[in-house]
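Enquirer: Using only what follows, build the 3D model:
(one chain, ligands or ions: 4)
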Amino acid sequence: MSSINCFRTAKAPLHTFASVSRFRYSPNPIVSVLRRKSSPSFVTLRVVSSMAYEKELDAAKKAASLAARLCQKVQKALLQSDVQSKSDKSPVTVADYGSQAVVSLVLERELTSEPFSLVAEEDSADLRKDGSEDLLQRITKLVNDTLATEDLTKAIDSTLTTDDLLRAIDCGTSEGGPNGRHWVLDPIDGTKGFLRGDQYAVALGLLEEGKVVLGVLACPNLPLTSIAGNKNKNSSSSEETGCLFYATIGSGTYMQPLDSKSEPVKVHVSSVENPEEASFFESFEGAHSLHDLSSSIANKLGVKAPPVRIDSQAKYGALSRGDGAIYLRFPHKGYREKIWDHVAGAIVVTEAGGIVTDAGGKPLDFSKGKYLDLDTGIIVANEKLMPLLLKAVRDSIAEQEKASSL
Ligand SMILES: Nc1ncnc2c1ncn2[C@@H]1O[C@H](COP(=O)(O)O)[C@@H](O)[C@H]1OP(=O)(O)O
Ligand SMILES: [Mg+2]
Ligand SMILES: [Mg+2]
Ligand SMILES: [Mg+2]
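Expert: Numbering: from 1, shown residues only. Ligands and ions are numbered 1, 2, ... in the order given. Model (predicted):
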């Protein structure tokens with residue numbers, strides 16, 4: 001990526017600066033125009049080529065894959081253990097913290113030349129409390145073992161101490177916002193799915209001036225082939241599983257197997273135009289999304305297939321390769337969506353040709369800090385289905401409001 005600062009004059013409107021032939025990048029460069037708040041007459045033209053964010057993407061893929069490996073190890077032990085009850089939250093805690101530490105350490109070490117800001121779900125407050133020493137030791141060992149499996153030993157001088165671990169987790173306490181670069185991480189998205197042995201994702205994205213420019217989704221339990229029409233969508237069956245989805249702005253979305261060096265394939269959202277032939281995804285957990293509202297919307301659209309219920313941002317990954325055509329997410333009143341639950345998924349779907357908006361049709365605004373300010377919910381579809389979907393959403397919400405006011 002190349003950036004130049006330009007002074008905008010009345011005689012030279014912005015679009016003249018968008019003539020970028022002198023940049024020897026891809027034939028179809030994307031120019032993003034960033035206006036400085038402090039000095040509106042100055043703009044930064046950012047020329048995005050197919051080579052854009054290459055270094056960041058390599059680092060993000062490495063970080064998310066390694067973190068996913070740590071999660072897989074913990075999930076396997078959790079499911080095999082006779083002693084550990086599934087309601088015991090400690091394994092997931094170990095994996096959440098461990099995954100966050102791995103991503104933070106890998107990004108920091110791979111991208112040394114830049115100031116590093118990370119907005120992430122976890123922080124170390126509980127680990128610093130008395131009585132957490134054993135847990136902290138376990139996580140530190142897990143992270144050291146995971147990093148040792150990769151050729152990171154030369155980048156990481158020595159074995160990490162518990163203090164190093166706490167510091168790595170707390171790298172994720174940035175607030176994000178509209179200025180500069182911020183990495184955004186959910187170290188395990190879909191905790192409930194993780195505990196059940198079902199779908200979860202390590203979700204990592206990059207914001208630049210409040211816009212998503214890169215996203216990586218590691219989905220260890222998602223089959224490599226389409227889950228459309230499968231009977232059991234959520235759980236990992238005997239099929240080969242483990243997908244890594246990634247996208248950078250203007251370059252499309254790709255998928256490759258999580259644990260191999262096979263060539264990535266470019267993926268596209270479903271091209272279904274007739275809603276009767278569309279299938280829709282929603283949360284597995286009824287507490288995360290209003291299933292009644294989704295089914296009312298689906299009925300209005302004439303969707304025939306039953307909903308596909310899976311956990312986590314694996315839904316965005318599966319949608320990006322056309323396994324389903326629509327995603328409906330309507331959290332219960334009072335729930336505030338966090339940016340780390342959507343940043344990576346949103347770019348993975350939009351770069352594959354999909355549209356992600358709130359229930360009112362507005363694009364998601366990731367520039368407001370940790371939370372998303374939303375109208376009611378989040379909906380995803382391809383360009384053809386979106387107008388019909390928006391109407392069905394509007395009508396269903398209006399009906400629901402009318403019924404509840406009676
Ligand atoms: N009450 C809730 N409503 C909506 N989403 C929730 C709620 N509680 C947790 N989540 C988050 O929703 C996401 C998963 O939702 P789903 O699997 O339904 O798509 C996760 O990010 C999960 O957090 P977490 O990252 O801690 O698992
Ligand atoms: Mg989450
Ligand atoms: Mg999480
Ligand atoms: Mg959580």
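Enquirer: Contact partners for the nearest residue to Tyr53 once chain neighbours are set aside?
Expert: Excluding the flanking residues, the one nearest Tyr53 by CB to CB, 6 or more residues apart in numbering is Thr248, at 4.5 Å. For the C-beta atoms, the positions are set from N, CA and C on the backbone; glycine is no exception. Each residue near Thr248 by CB atoms under 8 Å, 6 or more residues apart in numbering is listed here: 52-53, 56-57, 213-214, 347, 351.
Enquirer: What score does Thr248 have for pLDDT?
Expert: What the model reports for Thr248 is a pLDDT of 98.
Enquirer: what is it paired to in the beta sheet?
Expert: Leu214 (DSSP bridges).
Enquirer: mind listing which of the contacts of Thr248 are in helices?
Expert: Among these, DSSP state H puts 56-57, 347 in helices.
Enquirer: Of those residues, which is the nearest to Leu258?
Expert: Leu57 (15.5 Å; CB to CB).
Enquirer: any idea of the pLDDT on the residue nearest the centre of the chain?
Expert: Against the mean C-alpha coordinate of the chain, by CA atoms, centre = their mean, the closest residue is Ala344 at 2.5 Å. Reading off the confidence values, Ala344 has pLDDT 98.
Enquirer: And the one helix or strand it maps to, how far out from the chain middle?
Expert: Following DSSP states H and E, one finds Ala344 within helix 343-350. Here helix 343-350 is found 6 Å from its chain centre; the criterion is CA atoms, centre = their mean, to the nearest Å.
Enquirer: Quick check: nearest residue in space to the residue nearest to the centre of the chain, chain neighbours excluded?
Expert: Counting by CB to CB, 6+ apart, the residue nearest Ala344 is Gly215, at 3.7 Å.
Enquirer: Can you give me the distance of whichever residue of the stretch 201-350 of the chain sits closest to ligand 1 to ligand 3?
Expert: Using CB to the nearest ligand atom, the closest approach of the stretch 201-350 of the chain to ligand 1 is made by Ser283 at 2.9 Å. Using CB to the ion, to the nearest Å, Ser283 is found at 14 Å from ligand 3.
Enquirer: So what's the residue count around that residue?
Expert: 25 (other CB atoms under 10 Å).
Enquirer: Distance check, it against ligand 2.
Expert: Distance, Ser283 to ligand 2, by CB to the ion: 11 Å.
Enquirer: sec struct for the nearest residue to that residue once chain neighbours are set aside, please.
Expert: Of all residues not flanking Ser283 in the chain, Ser289 sits nearest, at 4.1 Å (CB to CB, 6+ apart). Under DSSP: H, G, I helix; E, B strand; the rest coil, the three-state class of Ser289 is coil.
Enquirer: Now do Ser289, the pLDDT please.
Expert: Predicted confidence (pLDDT) for Ser289: 94.
Enquirer: pLDDT score for the closest residue to ligand 2 within the stretch 201-350 of the chain?
Expert: Closest residue of the stretch 201-350 of the chain to ligand 2, CB to the ion: Asp341 (4.3 Å). You'll see Asp341 listed with a pLDDT of 98.
Enquirer: I figured it hits Thr191, correct?
Expert: No - contact between Asp341 and Thr191 fails when scored by CB atoms under 8 Å: they sit 11.3 Å apart.
Enquirer: mind checking how far Ile188 is from Asp373?
Expert: For Ile188, the distance to Asp373 equals 25 Å [CB to CB, to the nearest Å].
Enquirer: follow-up on the earlier one: more neighbours, Asp341 and Thr191?
Expert: Between Asp341 and Thr191, Asp341 has the larger neighbour count (other CB under 10 Å), namely 23 against 19.
Enquirer: check contacts around that one.
Expert: 186, 189, 203, 313.
Enquirer: 7 Å instead?
Expert: 186, 189 (CB atoms under 7 Å, 6 or more residues apart in numbering).
Enquirer: Please identify the residues of this protein in proximity to ligand 2?
Expert: Taking CB under 5 Å from the ion as the contact definition, the chain meets ligand 2 at 186, 189, 341.
Enquirer: Also near ligand 3: which of the residues you listed, exactly?
Expert: 186, 189.
Enquirer: Which of the residues of the chain next to ligand 2 fall in strands?
Expert: 186, 189 (DSSP state E).
Enquirer: looking at it, Val265 is touching Met255, isn't it?
Expert: Yes - in this structure, Val265 is within contact of Met255 by CB atoms under 7 Å, at 5.8 Å.
Enquirer: Good, wrapping up.
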